[in-house]
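In: Take a look and give me a structure for this.
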Amino acid sequence: ILGDPEESLEASVRSMRDVFPYRGPDAKGIWVKCQSCVGFGHQRLSILDVTEAGTQPMSDAQEELWIVYNGEVYNYIEIRNLLEEKGYFFRTRTDTEVILAAYREWGSRCLERFNGMWAFALWDETEKLLFLARDRLGIKPLYYYKTDRCFYFASEIKAIRAALKETPPLSEELIDVYMSFGYIPGEDTLLSGIRRLLPGHFMNVNPNSISVKKYWDLHFDSTRDMGLDYYVERGRELLFDAIQLRLRSDVPLGIFLSGGIDSSTVVGLLAERVSERLKTFSVAYD
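Out: As a prediction, this is how the structure comes out:
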């Protein structure tokens with residue numbers, strides 16, 4: 001939350017956080033800065049550095065930058081090594097702390113260096129700026145809502161609803177779109193005023209303005225055909241690279257099998273890289 005909610009800041013953040021405990025059963029935290037009218041809440045699912053050191057909201061050593069973060073930056077080790085060469089010191093083994101340092105070093109351009117999936121909110125106390133970002137393909141969700149008094153954001157719409165005295169009205173004109181596609185394309189949602197940050201975009205929010213910028217898009221600009229053998233081998237290299245990065249975890253790994261060619265390919269390639277038998281899971285309905 002950024003601003004002055006109708007309820008107390010901490011109470012509003014707590015009501016938002018506690019509406020979805022299933023998003024993180026390992027830890028939960030709240031941080032509020034009353035002087036700046038900003039508050040963060042977080043439910044943690046531990047993947048990297050399962051100790052209390054990885055609990056969020058997390059700050060940098062100077063307590064000038066604070067973050068709540070959902071996702072994984074798979075190449076965080078390479079980024080951390082580069083930042084250590086620049087003089088940065090890290091207290092945890094998390095990718096969360098790497099994001100904080102990367103933002104301090106490169107600002108919004110840090111997103112260009114991240115390989116992964118993420119939705120995060122970062123408060124810059126020096127600049128009095130709220131920075132929100134979503135990964136390139138929108139794997140992780142991020143919703144927001146602005147009133148005259150306050151700016152709310154969350155991983156799910158119902159968390160925003162929990163902080164409001166009245167639920168925003170239904171956008172009836174979008175019902176047909178939802179029934180046609182099974183979702184609402186673009187920034188809008190079925191609740192008027194609650195919007196989603198689009199994939200490949202970030203936001204800057206301060207008490208006086210809100211700006212949304214695109215930092216990435218998909219481009220099909222290749223005019224040269226390299227031949228089938230090249231693309232087969234290059235595709236295999238990229239899959240191996242993606243799998244290798246995703247093996248970085250401090251908890252056991254598992255794989256969902258959908259029955260399609262994509263998950264089967266991942267399991268087949270991954271089996272060559274691990275020494276223990278893989279644990280796979282399928283979901284079925286009556």
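In: Can you list the residue ranges for strands in the stretch 1-150 of the chain?
Out: 2-3, 27-33, 38-44, 58-59, 65-73, 116-124, 129-134, 143-146, 150-154 (DSSP state E, counting those that start in this stretch).
In: same deal with the stretch 151-286 of the chain?
Out: Along the stretch 151-286 of the chain, the segments classed as strands by DSSP E, counting those that start in this stretch run 195-196, 201-206, 209-214, 255-256, 280-281.
In: For A101, find the nearest of those strands.
Out: Evaluated over these, closeness to A101 peaks at strand 201-206, with 17.5 Å, by CB to CB. Using the backbone N, CA and C atoms, a C-beta is placed for each residue, glycine as well.
In: Can I get the closest one in CSV? Just the C-alpha atoms.
Out: Presented in CSV, the C-alpha positions along strand 201-206 are these (Å, rounded to 0.1, in the frame of the first residue of the first chain):
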residue,chain,number,x,y,z
HIS,A,201,6.2,-3.6,-18.0
PHE,A,202,7.2,-1.7,-14.9
MET,A,203,5.6,1.2,-12.9
ASN,A,204,6.9,4.2,-11.0
VAL,A,205,4.4,5.4,-8.4
ASN,A,206,4.9,8.4,-6.1
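In: Mind listing the strands that strand pairs with, and their directions?
Out: Using DSSP bridges, the strands paired with strand 201-206 are strand 129-134 (antiparallel), strand 209-214 (antiparallel).
In: can you redo the ones you listed as CSV with mean pLDDT, mean neighbour count and distance to R161?
Out: Supplementary listing: those in CSV, determined by pLDDT from 0 to 100; neighbours: other CB atoms under 10 Å; distance: least, CB to CB, whole Å:
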stretch, mean pLDDT, mean neighbour count, distance to R161
strand 129-134, 98, 22, 19
strand 209-214, 96, 11, 20
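In: Take those strands and write them to TSV, including distance to I67.
Out: Output for the strands paired with strand 201-206, formatted as TSV (distance: least, CB to CB, whole Å):
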stretch	distance to I67
strand 129-134	9
strand 209-214	19
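In: Would you tell me which of these gets closest to G227?
Out: Closest among the strands paired with strand 201-206, using CB to CB: strand 209-214, at 32.9 Å.
In: So what touches that closest one?
Out: 108, 146, 151, 197-198, 200-204 (CB atoms under 8 Å, 6 or more residues apart in numbering).
In: Quick one, which of these are buried?
Out: 146, 151, 197, 200-204 (16 or more other CB atoms under 10 Å).
In: I'd like these laid out as JSON lines, including distance to T51 and pLDDT.
Out: Formatted as JSON lines, the buried ones among the contacts of strand 209-214 follow (distance: CB to CB, whole Å; pLDDT from 0 to 100):
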{"residue": "K146", "distance to T51": "37", "pLDDT": "95"}
{"residue": "F151", "distance to T51": "32", "pLDDT": "96"}
{"residue": "L197", "distance to T51": "31", "pLDDT": "98"}
{"residue": "G200", "distance to T51": "33", "pLDDT": "98"}
{"residue": "H201", "distance to T51": "33", "pLDDT": "98"}
{"residue": "F202", "distance to T51": "30", "pLDDT": "98"}
{"residue": "M203", "distance to T51": "31", "pLDDT": "98"}
{"residue": "N204", "distance to T51": "33", "pLDDT": "97"}
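In: hang on, the earlier thing: out of the strands of the stretch 1-150 of the chain, which gets nearest to P21?
Out: strand 38-44 (6.2 Å).
In: Right, I'll call it a day here.
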